[in-house]
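Enquirer: just need the structure, nothing else, for what follows:
(one chain, ligands or ions: 2)
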Amino acid sequence: MKILVTGGLGFIGSHTVVELQAQGYDVVVVDNLSNSTLEVLQGIEAISGIKPAFENVDLRDKSAIQRFFSAYTDIKGVIHFAASKAVGESIENPLLYYENNLSSLIYLLQQLQEKSEVSFIFSSSCTVYGQAEYMPITENAPIQEAFSPYGNTKQIGEEIIRDVAKVSGINAILLRYFNPIGAHESNMIGELPIGIPQNLVPFITQTAMGIRQQLSVFGNDYDTVDGTCVRDYIHVVDLAQAHVVALKRLLEGANEDKVEVYNVGTGKGSSVLEVINAFEKVSQQKLPYQIVARREGDITEAFANTDKVYEKLGWKASKTLEESLLSAWIWENKIRSK
Ligand code: NAD
Ligand code: WQD
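Expert: Ligands and ions are numbered 1, 2, ... in the order given. Reported below is the predicted structural model:
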(Lines give C-alpha, C1' and ligand atoms only; values in the text may rest on other atoms or scores of the structure.)
(Ligands and ions follow the chains in the order given, each with its own letter.)
Protein backbone atom coordinates (compact mmCIF):
# COMPACT_ATOMS: atom_id res chain seq x y z
CA MET A 1 0.00 0.00 0.00
CA LYS A 2 1.41 3.36 -1.01
CA ILE A 3 1.94 5.93 1.74
CA LEU A 4 3.09 9.52 1.26
CA VAL A 5 5.35 10.87 3.99
CA THR A 6 5.83 14.63 3.75
CA GLY A 7 8.93 15.89 5.53
CA GLY A 8 10.10 12.28 5.38
CA LEU A 9 13.78 13.20 5.42
CA GLY A 10 13.44 15.14 8.69
CA PHE A 11 14.08 13.90 12.22
CA ILE A 12 10.78 12.20 13.03
CA GLY A 13 9.83 11.58 9.38
CA SER A 14 12.96 9.56 8.56
CA HIS A 15 12.47 7.26 11.57
CA THR A 16 8.83 6.81 10.59
CA VAL A 17 9.72 5.90 7.01
CA VAL A 18 11.91 3.10 8.36
CA GLU A 19 9.12 1.77 10.59
CA LEU A 20 6.61 1.92 7.72
CA GLN A 21 8.97 0.01 5.47
CA ALA A 22 9.46 -2.61 8.19
CA GLN A 23 5.69 -3.15 8.14
CA GLY A 24 5.67 -3.60 4.35
CA TYR A 25 4.32 -0.21 3.26
CA ASP A 26 5.49 1.28 -0.01
CA VAL A 27 6.69 4.74 0.99
CA VAL A 28 7.09 7.84 -1.14
CA VAL A 29 8.81 10.78 0.51
CA VAL A 30 8.22 14.43 -0.33
CA ASP A 31 10.64 16.94 1.16
CA ASN A 32 12.09 20.27 0.04
CA LEU A 33 15.34 19.71 1.98
CA SER A 34 14.86 22.99 3.86
CA ASN A 35 15.82 21.25 7.12
CA SER A 36 17.30 17.96 5.95
CA THR A 37 19.71 16.48 3.42
CA LEU A 38 19.64 13.84 0.71
CA GLU A 39 22.07 11.75 2.77
CA VAL A 40 19.14 10.78 4.95
CA LEU A 41 17.80 8.74 2.04
CA GLN A 42 20.97 6.66 2.16
CA GLY A 43 20.60 6.26 5.91
CA ILE A 44 17.06 4.95 5.43
CA GLU A 45 18.22 2.56 2.73
CA ALA A 46 21.10 1.34 4.89
CA ILE A 47 18.62 0.36 7.62
CA SER A 48 15.76 -1.10 5.60
CA GLY A 49 17.47 -2.14 2.40
CA ILE A 50 14.85 -0.13 0.52
CA LYS A 51 15.40 3.33 -0.95
CA PRO A 52 12.03 5.04 -0.80
CA ALA A 53 10.77 6.97 -3.81
CA PHE A 54 11.70 10.61 -3.26
CA GLU A 55 10.28 13.80 -4.77
CA ASN A 56 11.88 17.15 -4.05
CA VAL A 57 8.68 19.16 -3.80
CA ASP A 58 8.07 22.34 -1.87
CA LEU A 59 4.58 21.96 -0.45
CA ARG A 60 4.05 25.72 -0.72
CA ASP A 61 4.04 25.23 -4.49
CA LYS A 62 0.44 24.39 -5.28
CA SER A 63 1.04 23.38 -8.88
CA ALA A 64 3.97 21.14 -7.89
CA ILE A 65 1.65 19.32 -5.46
CA GLN A 66 -0.94 18.93 -8.20
CA ARG A 67 1.71 17.44 -10.49
CA PHE A 68 2.80 15.11 -7.72
CA PHE A 69 -0.71 13.72 -7.23
CA SER A 70 -1.21 13.34 -10.99
CA ALA A 71 1.88 11.13 -11.03
CA TYR A 72 1.06 9.22 -7.83
CA THR A 73 -2.59 8.35 -8.10
CA ASP A 74 -2.62 5.35 -5.76
CA ILE A 75 -1.75 6.97 -2.42
CA LYS A 76 -3.91 5.55 0.35
CA GLY A 77 -2.41 7.28 3.34
CA VAL A 78 -0.46 10.43 4.16
CA ILE A 79 1.69 11.23 7.17
CA HIS A 80 2.24 14.96 7.15
CA PHE A 81 5.42 16.01 8.98
CA ALA A 82 6.58 18.83 6.71
CA ALA A 83 6.62 22.08 8.66
CA SER A 84 8.96 24.61 10.19
CA LYS A 85 9.38 24.01 13.91
CA ALA A 86 11.56 26.64 15.60
CA VAL A 87 9.49 28.48 18.19
CA GLY A 88 11.81 31.52 18.44
CA GLU A 89 12.10 31.92 14.68
CA SER A 90 8.31 31.81 14.40
CA ILE A 91 8.02 34.77 16.78
CA GLU A 92 10.53 36.74 14.70
CA ASN A 93 9.04 35.76 11.35
CA PRO A 94 5.41 34.76 11.86
CA LEU A 95 4.42 34.86 8.20
CA LEU A 96 7.11 32.35 7.29
CA TYR A 97 5.45 29.95 9.72
CA TYR A 98 1.87 30.68 8.77
CA GLU A 99 2.80 30.29 5.12
CA ASN A 100 4.93 27.17 5.40
CA ASN A 101 2.88 25.28 7.94
CA LEU A 102 -0.60 26.25 6.81
CA SER A 103 -0.46 26.78 3.04
CA SER A 104 1.31 23.41 2.72
CA LEU A 105 -1.44 21.75 4.73
CA ILE A 106 -4.20 23.44 2.73
CA TYR A 107 -2.73 22.54 -0.67
CA LEU A 108 -2.23 18.97 0.44
CA LEU A 109 -5.79 18.65 1.75
CA GLN A 110 -7.14 20.18 -1.47
CA GLN A 111 -5.67 17.23 -3.34
CA LEU A 112 -6.74 14.67 -0.77
CA GLN A 113 -10.35 15.78 -0.62
CA GLU A 114 -10.65 14.73 -4.25
CA LYS A 115 -10.17 11.12 -3.17
CA SER A 116 -13.09 8.97 -2.12
CA GLU A 117 -11.16 7.77 0.92
CA VAL A 118 -7.77 8.62 2.41
CA SER A 119 -6.06 8.28 5.78
CA PHE A 120 -4.23 11.30 7.16
CA ILE A 121 -1.89 11.57 10.14
CA PHE A 122 -0.97 15.04 11.34
CA SER A 123 2.05 16.06 13.45
CA SER A 124 0.56 18.11 16.21
CA SER A 125 2.21 19.02 19.47
CA CYS A 126 1.66 19.10 23.22
CA THR A 127 2.28 22.82 22.84
CA VAL A 128 -1.47 23.16 22.07
CA TYR A 129 -2.18 22.57 25.79
CA GLY A 130 0.04 25.44 26.99
CA GLN A 131 0.46 25.10 30.75
CA ALA A 132 -2.24 22.54 31.45
CA GLU A 133 -3.95 22.74 34.81
CA TYR A 134 -3.63 19.04 35.63
CA MET A 135 -0.83 16.51 35.16
CA PRO A 136 -0.63 14.14 33.43
CA ILE A 137 -2.28 15.85 30.46
CA THR A 138 -5.25 14.09 28.88
CA GLU A 139 -6.52 14.75 25.37
CA ASN A 140 -9.51 16.51 26.94
CA ALA A 141 -7.38 19.22 28.50
CA PRO A 142 -8.41 22.57 27.04
CA ILE A 143 -6.44 24.08 24.18
CA GLN A 144 -4.90 27.34 25.36
CA GLU A 145 -3.97 30.47 23.50
CA ALA A 146 -0.72 29.75 21.68
CA PHE A 147 2.46 31.39 22.94
CA SER A 148 4.06 31.43 19.49
CA PRO A 149 3.00 31.55 15.83
CA TYR A 150 4.51 28.04 15.56
CA GLY A 151 2.17 26.75 18.25
CA ASN A 152 -0.70 28.58 16.63
CA THR A 153 -0.05 26.81 13.32
CA LYS A 154 -0.57 23.49 15.11
CA GLN A 155 -3.86 24.65 16.65
CA ILE A 156 -5.13 26.09 13.36
CA GLY A 157 -3.88 23.02 11.49
CA GLU A 158 -5.94 20.77 13.75
CA GLU A 159 -9.04 22.93 13.13
CA ILE A 160 -8.54 22.92 9.36
CA ILE A 161 -8.30 19.13 9.34
CA ARG A 162 -11.46 18.77 11.46
CA ASP A 163 -13.42 21.01 9.10
CA VAL A 164 -12.21 19.31 5.92
CA ALA A 165 -12.72 15.77 7.29
CA LYS A 166 -16.41 16.61 7.88
CA VAL A 167 -17.03 17.17 4.16
CA SER A 168 -14.62 14.71 2.54
CA GLY A 169 -13.39 11.13 2.53
CA ILE A 170 -10.50 12.10 4.78
CA ASN A 171 -10.13 10.24 8.07
CA ALA A 172 -7.51 11.75 10.30
CA ILE A 173 -5.52 11.19 13.46
CA LEU A 174 -3.89 14.15 15.15
CA LEU A 175 -0.86 13.04 17.13
CA ARG A 176 0.18 15.47 19.83
CA TYR A 177 3.83 14.70 20.46
CA PHE A 178 5.57 15.54 23.68
CA ASN A 179 9.38 15.95 23.47
CA PRO A 180 10.96 13.66 20.86
CA ILE A 181 14.65 12.84 21.37
CA GLY A 182 17.21 10.17 20.47
CA ALA A 183 18.25 8.40 17.30
CA HIS A 184 17.84 5.08 15.51
CA GLU A 185 19.78 2.21 17.10
CA SER A 186 21.59 1.56 13.79
CA ASN A 187 23.09 5.06 14.13
CA MET A 188 22.28 5.66 10.45
CA ILE A 189 19.69 8.37 11.05
CA GLY A 190 19.11 10.89 13.85
CA GLU A 191 18.50 14.56 14.54
CA LEU A 192 20.43 17.13 12.49
CA PRO A 193 19.94 20.52 14.13
CA ILE A 194 21.14 23.44 12.04
CA GLY A 195 22.92 26.20 13.99
CA ILE A 196 22.59 26.58 17.73
CA PRO A 197 20.09 24.02 19.03
CA GLN A 198 17.04 25.41 20.78
CA ASN A 199 16.05 22.06 22.24
CA LEU A 200 17.56 20.63 25.40
CA VAL A 201 18.96 17.28 24.28
CA PRO A 202 20.87 18.38 21.15
CA PHE A 203 22.26 21.26 23.23
CA ILE A 204 23.43 18.78 25.85
CA THR A 205 25.10 16.45 23.35
CA GLN A 206 26.81 19.35 21.56
CA THR A 207 28.04 20.70 24.89
CA ALA A 208 29.40 17.30 25.89
CA MET A 209 31.11 17.20 22.50
CA GLY A 210 32.78 20.57 23.22
CA ILE A 211 30.92 22.42 20.46
CA ARG A 212 29.10 24.56 23.06
CA GLN A 213 30.91 25.81 26.14
CA GLN A 214 28.19 25.06 28.62
CA LEU A 215 24.49 24.40 28.90
CA SER A 216 22.30 27.15 30.29
CA VAL A 217 19.57 25.71 32.47
CA PHE A 218 16.63 28.05 32.10
CA GLY A 219 15.48 28.64 35.67
CA ASN A 220 15.53 26.60 38.89
CA ASP A 221 12.75 28.39 40.72
CA TYR A 222 9.80 26.53 39.22
CA ASP A 223 7.38 24.64 41.43
CA THR A 224 8.77 21.20 40.52
CA VAL A 225 10.77 18.43 42.15
CA ASP A 226 14.07 20.35 41.91
CA GLY A 227 12.96 23.75 40.59
CA THR A 228 13.71 23.03 36.92
CA CYS A 229 11.06 22.49 34.25
CA VAL A 230 9.56 19.06 33.69
CA ARG A 231 8.92 17.50 30.25
CA ASP A 232 8.02 14.13 28.79
CA TYR A 233 10.95 12.99 26.63
CA ILE A 234 10.04 10.28 24.15
CA HIS A 235 12.39 8.20 22.02
CA VAL A 236 11.91 9.05 18.35
CA VAL A 237 11.63 5.36 17.37
CA ASP A 238 8.77 4.86 19.84
CA LEU A 239 7.14 7.96 18.36
CA ALA A 240 7.68 6.67 14.82
CA GLN A 241 5.98 3.39 15.73
CA ALA A 242 2.98 5.29 17.07
CA HIS A 243 2.51 6.71 13.56
CA VAL A 244 2.42 3.25 12.04
CA VAL A 245 -0.24 1.96 14.42
CA ALA A 246 -2.29 5.13 14.00
CA LEU A 247 -2.12 4.82 10.22
CA LYS A 248 -3.09 1.16 10.38
CA ARG A 249 -6.13 2.03 12.46
CA LEU A 250 -7.35 4.41 9.79
CA LEU A 251 -6.52 2.17 6.86
CA GLU A 252 -8.43 -0.68 8.49
CA GLY A 253 -11.36 1.61 9.21
CA ALA A 254 -11.06 0.86 12.92
CA ASN A 255 -11.34 4.51 13.93
CA GLU A 256 -14.41 5.51 15.93
CA ASP A 257 -14.42 9.14 14.78
CA LYS A 258 -13.48 10.83 11.52
CA VAL A 259 -10.86 12.75 13.46
CA GLU A 260 -9.20 11.27 16.50
CA VAL A 261 -6.56 12.80 18.71
CA TYR A 262 -3.88 11.11 20.76
CA ASN A 263 -1.12 12.22 23.08
CA VAL A 264 2.16 10.56 22.27
CA GLY A 265 4.51 10.60 25.22
CA THR A 266 5.94 8.24 27.80
CA GLY A 267 3.69 9.39 30.62
CA LYS A 268 6.74 10.17 32.73
CA GLY A 269 7.96 13.67 33.50
CA SER A 270 11.68 14.45 33.87
CA SER A 271 13.20 17.69 35.10
CA VAL A 272 16.08 19.39 33.30
CA LEU A 273 18.44 18.39 36.12
CA GLU A 274 17.21 14.80 35.95
CA VAL A 275 17.96 14.78 32.23
CA ILE A 276 21.44 16.16 32.89
CA ASN A 277 22.10 13.52 35.56
CA ALA A 278 20.85 10.73 33.31
CA PHE A 279 23.00 12.02 30.48
CA GLU A 280 26.09 12.16 32.70
CA LYS A 281 25.43 8.58 33.77
CA VAL A 282 25.07 7.11 30.29
CA SER A 283 27.86 9.16 28.68
CA GLN A 284 30.15 8.90 31.74
CA GLN A 285 30.95 12.53 31.26
CA LYS A 286 30.52 15.63 33.41
CA LEU A 287 28.32 18.17 31.67
CA PRO A 288 29.24 21.82 32.25
CA TYR A 289 26.12 23.84 33.01
CA GLN A 290 24.94 26.94 34.82
CA ILE A 291 21.56 28.03 36.05
CA VAL A 292 20.34 31.15 34.26
CA ALA A 293 17.09 33.10 34.12
CA ARG A 294 13.86 31.47 32.94
CA ARG A 295 13.28 31.34 29.19
CA GLU A 296 10.30 33.37 28.07
CA GLY A 297 7.32 31.23 27.14
CA ASP A 298 8.49 28.11 28.99
CA ILE A 299 5.82 26.26 30.88
CA THR A 300 6.54 24.64 34.25
CA GLU A 301 5.63 21.08 33.40
CA ALA A 302 4.07 18.89 30.75
CA PHE A 303 3.77 15.15 30.64
CA ALA A 304 1.24 12.96 28.93
CA ASN A 305 -1.59 10.83 30.15
CA THR A 306 -1.11 7.88 27.80
CA ASP A 307 -4.23 5.87 28.70
CA LYS A 308 -6.10 6.70 25.50
CA VAL A 309 -3.29 5.93 23.09
CA TYR A 310 -2.72 2.61 24.86
CA GLU A 311 -6.39 1.68 25.01
CA LYS A 312 -7.25 2.57 21.41
CA LEU A 313 -3.98 2.03 19.55
CA GLY A 314 -2.38 -0.53 21.84
CA TRP A 315 0.75 1.60 21.78
CA LYS A 316 3.03 2.58 24.60
CA ALA A 317 6.57 3.86 24.75
CA SER A 318 9.15 1.15 25.32
CA LYS A 319 12.40 3.03 25.73
CA THR A 320 13.73 4.68 28.88
CA LEU A 321 15.12 8.19 29.20
CA GLU A 322 18.61 6.67 29.60
CA GLU A 323 18.28 4.66 26.38
CA SER A 324 17.05 7.73 24.53
CA LEU A 325 19.88 9.91 25.79
CA LEU A 326 22.49 7.27 25.04
CA SER A 327 21.26 6.96 21.46
CA ALA A 328 21.39 10.76 21.07
CA TRP A 329 24.95 10.76 22.42
CA ILE A 330 26.11 7.95 20.12
CA TRP A 331 24.56 9.82 17.18
CA GLU A 332 26.26 13.08 18.14
CA ASN A 333 29.60 11.24 18.21
CA LYS A 334 28.95 9.84 14.77
CA ILE A 335 28.02 13.11 13.08
CA ARG A 336 31.03 14.90 14.60
CA SER A 337 33.47 12.20 13.54
CA LYS A 338 32.74 12.83 9.85
P1 NAD B 1 12.35 18.40 10.86
O2 NAD B 1 12.61 19.81 10.56
O3 NAD B 1 13.49 17.51 11.17
O4 NAD B 1 11.53 17.72 9.65
C5 NAD B 1 10.63 18.44 8.85
C6 NAD B 1 10.95 18.12 7.39
O7 NAD B 1 10.01 18.82 6.57
C8 NAD B 1 12.35 18.58 6.98
O9 NAD B 1 13.02 17.52 6.31
C10 NAD B 1 12.09 19.75 6.02
O11 NAD B 1 13.07 19.84 5.01
C12 NAD B 1 10.70 19.41 5.49
N13 NAD B 1 9.90 20.56 5.07
C14 NAD B 1 9.67 21.70 5.75
N15 NAD B 1 8.90 22.53 5.02
C16 NAD B 1 8.63 21.90 3.85
C17 NAD B 1 7.90 22.24 2.69
N18 NAD B 1 7.30 23.43 2.56
N19 NAD B 1 7.83 21.35 1.68
C20 NAD B 1 8.44 20.14 1.78
N21 NAD B 1 9.15 19.77 2.85
C22 NAD B 1 9.25 20.64 3.88
O23 NAD B 1 11.27 18.36 12.04
P24 NAD B 1 10.80 17.16 12.98
O25 NAD B 1 11.37 17.36 14.32
O26 NAD B 1 11.02 15.88 12.29
O27 NAD B 1 9.25 17.49 13.07
C28 NAD B 1 8.30 16.89 12.20
C29 NAD B 1 6.93 17.43 12.52
O30 NAD B 1 6.63 17.17 13.88
C31 NAD B 1 6.77 18.94 12.33
O32 NAD B 1 5.47 19.17 11.83
C33 NAD B 1 6.89 19.47 13.74
O34 NAD B 1 6.21 20.69 13.89
C35 NAD B 1 6.23 18.38 14.53
N36 NAD B 1 6.65 18.31 15.94
C37 NAD B 1 7.99 18.25 16.22
C38 NAD B 1 8.39 18.21 17.56
C39 NAD B 1 9.85 18.20 17.91
O40 NAD B 1 10.19 18.57 19.03
N41 NAD B 1 10.76 17.77 17.02
C42 NAD B 1 7.42 18.19 18.57
C43 NAD B 1 6.08 18.24 18.24
C44 NAD B 1 5.70 18.31 16.91
C1 WQD C 1 12.99 21.40 27.25
C2 WQD C 1 13.34 21.92 28.63
C3 WQD C 1 13.74 24.28 28.75
C4 WQD C 1 17.30 24.29 26.23
C5 WQD C 1 9.75 22.79 22.44
C6 WQD C 1 8.65 23.51 21.69
C7 WQD C 1 7.43 22.68 21.60
C8 WQD C 1 7.73 21.29 21.06
C9 WQD C 1 8.91 20.65 21.73
C10 WQD C 1 7.29 21.19 18.71
C11 WQD C 1 12.67 23.23 28.97
C12 WQD C 1 15.00 23.51 29.06
C13 WQD C 1 16.19 23.89 26.96
C14 WQD C 1 18.42 24.81 26.93
C15 WQD C 1 17.27 24.45 29.00
N16 WQD C 1 8.10 21.32 19.67
N17 WQD C 1 16.18 23.97 28.32
N18 WQD C 1 18.36 24.85 28.29
O19 WQD C 1 10.42 23.88 25.45
O20 WQD C 1 9.45 21.63 25.99
O21 WQD C 1 9.28 22.49 23.73
O22 WQD C 1 10.00 21.56 21.76
O23 WQD C 1 6.10 21.15 18.70
O24 WQD C 1 6.53 23.35 20.80
O25 WQD C 1 8.36 24.71 22.37
O26 WQD C 1 11.51 21.76 24.58
O27 WQD C 1 13.83 21.05 24.31
O28 WQD C 1 13.27 23.51 24.07
O29 WQD C 1 13.18 22.44 26.30
O30 WQD C 1 17.27 24.52 30.24
O31 WQD C 1 19.43 25.19 26.34
O32 WQD C 1 14.74 22.18 28.66
O33 WQD C 1 13.62 25.38 29.59
O34 WQD C 1 12.35 23.18 30.32
P35 WQD C 1 10.14 22.52 25.03
P36 WQD C 1 13.01 22.21 24.73
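Enquirer: and the residue of the stretch 1-150 of the chain found nearest ligand 1, its phi and psi?
Expert: As assessed by Cβ to the nearest ligand atom, ligand 1 sits closest to residue 10 within the stretch 1-150 of the chain, at 1.9 Å. No exception for glycine: its C-beta is placed from N, CA and C like everyone else's. Phi and psi for residue 10, reported as degrees, to the nearest 10, are phi -80, psi -170.
Enquirer: contacts only, for it.
Expert: Counting by Cβ atoms under 8 Å, 6 or more residues apart in numbering, residue 10 makes contact with 31, 35-36, 81-82.
Enquirer: residues of stretch 69-82 that come out buried?
Expert: 69, 75-82 (16 or more other Cβ atoms under 10 Å).
Enquirer: so which of these is the closest to ligand 2?
Expert: Nearest member of the buried residues of stretch 69-82 to ligand 2, counting by Cβ to the nearest ligand atom, is residue 81, at 11.3 Å.
Enquirer: from residue 168, how far out is the closest one?
Expert: 21 Å (Cβ to Cβ, to the nearest Å).
Enquirer: what's next to the helix or strand where residue 180 lies, contact-wise?
Expert: Here residue 180 is covered by strand 179-181, with elements defined by DSSP states H and E. With contacts defined as Cβ under 8 Å, 6+ apart, strand 179-181 is touched by 11-12, 126, 191, 199-201, 231-236, 239, 265, 324-325, 328.
Enquirer: three-state assignment of residue 176?
Expert: Following DSSP: H, G, I helix; E, B strand; the rest coil, the label given to residue 176 is strand.
Enquirer: sorry, that was for residue 121
Expert: strand.
Enquirer: residue 290 too?
Expert: strand.
Enquirer: beta partners of it?
Expert: residue 216 (DSSP bridges).
Enquirer: that one contacts residue 214, doesn't it?
Expert: Yes - applying Cβ atoms under 8 Å, one finds residue 290 in contact with residue 214, separated by 5.9 Å.
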